[in-house]
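Q: 3D model of this:
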Amino acid sequence: MSWMNNMRVAYKLLLLNVIALIGMLVIGLVGYFAVMQAQEDLNTISQTYLKGIFEIGRCRHAVRYAQVQAVLAPLTVDPALYQSRLDKYNGGVKELEESLKIYEDIVKDDAQARAQVDAAEREWSKFKAGADKMFTMKSPVGDTSAIAAHRNASLEFYQNEVMPYAVSCGDAILVIQQKAYEDSDKTIARSNEEIASAERNLFIALGGTVIILLFVSVSIIKAVTNPLSNMVQALHLLKDGDFRRTDLLDADRGDEFGAMALAVREMRQTISQVVHKTNDAANQFAASSQELTASAHQSAQASEQVAQSVTNSAGAVVEQQTFVNDAMEAINNALTSIDTLAKTADKVAEHVASANQEAAAGTEAVETAVNQIISVEKIVNDSALTVDKLGKRSQEIGQIVESISGIAEQTNLLALNAAIEAARAGEHGRGFAVVSEEVRKLAEESQEASQKIAALIGDIQSDTTDAVDSMQKGNAAVRTGTQSVERLRATFDSISTASNNVEMEAKNMVRDLKEVEKLTYIIRDRSEKILEKGVGVSKEMESVSAAAEQQSASSEEISSAADELARLAQDLQNSLQMFKY
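A: Numbers count the residues shown, from 1 in each chain. Here you go, the predicted structure:
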């Protein structure tokens, strides 16, 4: 019954209900018509036959009653009793006539019954005539013989004129009653046959309805239970993770089970694909978790290395700050020495100017020249000492400049190392990298300034050496000047020339010292900036160290989470092994 498989469940149930309704309707109609016919027969029996039999019975009773009253009336002496008997007789007559009238109305459509009623009425009329006459036969009073004769005469009249008609009237009424009984029996028999026929029809309709309902019910049950059983079996297989069976689901059916089978089949395909993809993803997830764990361990180690490097860099920066502080102190000392040297150079210039004046005046008098030469000798000695001090100060400045240059080189190297560590730190070291770059630039500028100062100091030392040589020559000239005026003049000329040179060199030295002082101030300012940047670098180092420690802690948490992910991936793989696809 493929048509049953293509019928929706609601229509199947509707079909079953319609068949049951039709069967119930047929059974109800058969029963209804049978009941209606039985009711009609019962109405006929009750309204026609039973009522007629009842009225006929009343007629027979009225005849017997009237007959008794009529036979007793002539024998009644008491007037009151006589009147009572007359009233009873009239009541019986009235009752009989009313009952016959009612029965006649009942059987008005039955000619035989009407003829029987007419015969009974005729006999009744004859009986009534005789009975009425008997009520006219009053009993005499007092005379016994007369009373006896009256009684005999009334009894004879009754026997001849009343009783035969009473008997014939009763027989006629009995015939009517027998016919009523016969008609009633026929009606009851016909009603019983109709009821039996209705019962047969009811059993036939009920049996046919039950058979049809059983057939349709079995078909519907099979159409419902078979796909349900297959569906339950398929779902149990899906529950157990077996996605391979597809023959249990009939998706070609046109009912809800076909749609359900199609949905379950598509769900099976979808879940199978999802499980397959989930299995692949779980494998990749497990591999990625292992890689993540390894990366997290490496990241933690790198973070520890970064933190260690930052700590080392911070120590180097602190050491650099110490060096810069020492350099600042040395620069301040150099500034003091340069200031003293400048003052000495001013004095030298003044002395040289005086020497030139004395040399000019020496041309006027040799004696005065000798004295002036002696004075010049003293001044030259002082100048030699001053120049010698200037040379020593220049050497100290050179040493300071070399120290500053070394500090600048070390600062440059530290800035380069800090930039490398900042690059390793990533985002956390970006600010530190900027500060390191500024420190490196300042170190390069300091190194360039130191080189310039070193060059200037070299020039000063060269000039100082020349000045010392000139002083020594002046001393030799002064010593030999006293021996010969000529030689004194020549020596004086040499002294004058040397004095001019010394004056020029002294001015140059003052100018150079001012330049050195200016550069030294620049170096001090740059050193202060280096110190400030070093403090900033130290703070950034602390931030980077804290960030590195935090990153190390995060890496450990990531490593722990990666281990947990690896465990979950393994659990997922173990769970997916139950599926078969």
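
Q: Which other helices and strands does the helix or strand containing V63 contact?
A: Here V63 sits within helix 51-72, counting by DSSP states H and E. Counting contacts by 3 or more C-beta pairs under 8 Å, 6 or more residues apart in numbering; DSSP states H and E, helix 51-72 is packed against helix 79-106, helix 111-134, helix 163-239. C-beta here means a position set from N, CA and C on the backbone, and glycine is covered the same way.

Q: got the angle for the last one vs helix 51-72?
A: In this structure, helix 163-239 runs at an angle of 150 degrees to helix 51-72, with axes from the mean of the first three to the mean of the last three C-alpha atoms, to 10 degrees as the basis.

Q: Now the helix holding V63: buried residues?
A: The neighbour-count check on helix 51-72 (16 or more other C-beta atoms under 10 Å) flags 52-53, 55-56, 58-60, 62-63, 65-67, 69-72 as buried.

Q: Could you export the helices and strands packed on helix 51-72 as CSV, including mean neighbour count?
A: What follows is the helices and strands packed on helix 51-72, written out as CSV (neighbours: other C-beta atoms under 10 Å):
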stretch, mean neighbour count
helix 79-106, 16
helix 111-134, 18
helix 163-239, 16
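
Q: just the helices in this structure please.
A: For the chain, the helices defined by DSSP state H occupy 2-5, 9-44, 51-72, 79-106, 111-134, 144-157, 163-239, 256-362, 366-425, 430-481, 485-576.

Q: Quick one: residues contacting E199.
A: E199 makes contacts with A34, as judged by C-beta atoms under 8 Å, 6 or more residues apart in numbering.

Q: what's the spacing between it and I27?
A: 11 Å (C-beta to C-beta, to the nearest Å).

Q: same check, this time on V68
A: For V68 relative to I27 (C-beta to C-beta), the value is 58 Å.

Q: re the thing from before, can you name the residues in contact with the helix holding V63?
A: 85-86, 88-89, 92-93, 95-96, 99-100, 102-103, 106-107, 120, 124, 127-128, 130-131, 134-135, 155, 158, 162-163, 166, 169-170, 173-174, 176-177, 180-181, 184.

Q: and the angle from that helix to helix 144-157?
A: Using the same axes, to 10 degrees: helix 51-72 against helix 144-157 is 150 degrees.

Q: and helix 51-72, average pLDDT?
A: On average, the pLDDT along helix 51-72 is 83.

Q: do the same with stretch 263-275
A: Averaged across stretch 263-275, the pLDDT comes to 70.

Q: In this model Q447 seems to touch E409, though I could be wrong.
A: Yes. Using C-beta atoms under 8 Å, E409 is in contact with Q447, at 6.4 Å.

Q: Comparing the two, which shows the higher neighbour count?
A: With neighbours defined as other C-beta atoms under 10 Å, E409 and Q447 compare such that Q447 has more, 18 against 15.

Q: measure the more buried one to N333 for me?
A: As judged by C-beta to C-beta, Q447 and N333 stand 20 Å apart.

Q: Distance check, V71 against M134.
A: Applying C-beta to C-beta, the value for V71 to M134 is 7 Å.
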